[in-house]
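> let's see this in three dimensions:
(one chain, ligands or ions: 2)
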Amino acid sequence: MSGAAILELASVSKRFEGLVANSEVSFSVAEGEILGLIGPNGAGKSTLFSLIAGALVPTAGTIRFAGADITALPAPERCRQGIGRTFQVPRSFDSMSVLENVMVGSFVRSSSSSAARAKAAAVLEFVGLAPRAASFAGALTPPEKRRLEVARALATEPKLLLLDEVLAGLTPAEARAGVDLVRAIRARGITVVMVEHVMEIVMPLVDRAVVLDIGRVLAVGSPAEVVRNEAVIAAYLGERHRAA
Ligand SMILES: Nc1ncnc2c1ncn2[C@@H]1O[C@H](COP(=O)(O)OP(=O)(O)O)[C@@H](O)[C@H]1O
Ligand SMILES: [Mg+2]
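Ligands and ions are numbered 1, 2, ... in the order given. Sure, this is the predicted structure:
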């Protein structure tokens, strides 16, 4: 890491009717870094991803990407500028093939279907789903569907990739493969922000973590700093992590 800030959030808030999902969230993500976004269910993590990707508009605050204010840009334009995201609940087109699902992503930058197809095939190879390319997406297992989400996002050629619980519900071996995939994504020069609940998985992987709780930033720091933070232990990690 140690790059310039690729993403900067300044006092970003999002209200739904009476509910405050994000409250004055401020932090930056350095180019090339893997940043963990953690916190209890309902803390506002997925909402924050939607604000960054442009699916939702903040109630207040500013979002800057690669130095420019993108707060008012629509989601497709943010995607073209290099923000890719996965959805916590995978959104595959189940009656299309796995390859065609990924082509939906590659068409963001490819004008011909042959180029989009070649790009999608290369991405499937990279994420380890090439043997499933011809299957209907609806036939994939849940872990494979998460990988498909990652593949479709990667096919848009992001500079910044937002991964929402893509390592959830995996066997230990699958989780290790997922960790290797995240590292390989970063090795390609892509900055990663990831939501993940299993501390044993996320903490060795990330350069820094941001902890959200009821919409607010509770702590930002290295994994070692964050797991020792008393407020983080009280709100999220619990006593079992104090010893570790
Ligand atoms: N579209 C929406 N309309 C109303 N409330 C929402 C909407 N999306 C999320 N919320 C609420 O915002 C809060 C944060 O949700 P979310 O961002 O999904 O949290 P997390 O991903 O950290 O579990 C929750 O209380 C959730 O119910
Ligand atoms: Mg979520």
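
> these two touch, right, residue 124 and residue 102?
Yes - contact criterion CB atoms under 8 Å: residue 124 and residue 102 qualify, at 6.0 Å. All C-beta atoms are positioned from the backbone trio N, CA, C, and that covers glycine.

> and those two? Which one has more around it.
residue 102 (32 against 23; other CB atoms under 10 Å).

> hang on, that one is in a strand, isn't it?
No - going by DSSP: H, G, I helix; E, B strand; the rest coil, the assignment for residue 102 is helix, not a strand.

> show me the contacts for it.
Neighbour list for residue 102: 120, 123-124, 148, 151-152, 155 [criterion: CB atoms under 8 Å, 6 or more residues apart in numbering].

> show me where the protein has helices.
Taking DSSP state H to define them, one finds helices in the chain at 45-53, 75-81, 98-106, 113-127, 142-155, 172-187, 199-205, 223-228, 230-232, 240-243.

> get me the contact residues on this protein for ligand 1.
Residues of the chain that fall close to ligand 1, judged by CB under 6 Å from any ligand atom: 16, 19, 21, 39, 41-47.

> I'd like the distance between residue 162 and residue 19.
22 Å (CB to CB, to the nearest Å).

> have a look at those two and say which one is more surrounded.
When neighbours are counted by other CB under 10 Å, residue 162 and residue 19 differ, and residue 162 comes out ahead with 27 against 11.

> farthest-separated two in the residues of the chain next to ligand 1?
Taking CB to CB, the two most distant members of the residues of the chain next to ligand 1 are 16 and 39; they sit 17.5 Å apart.

> neighbour-wise, which of these two wins?
Between residue 16 and residue 39, residue 39 has the larger neighbour count (other CB under 10 Å), namely 26 against 10.

> what does the more buried one show for phi and psi?
Note on residue 39: backbone dihedrals following degrees, to the nearest 10 are phi 150, psi 170.
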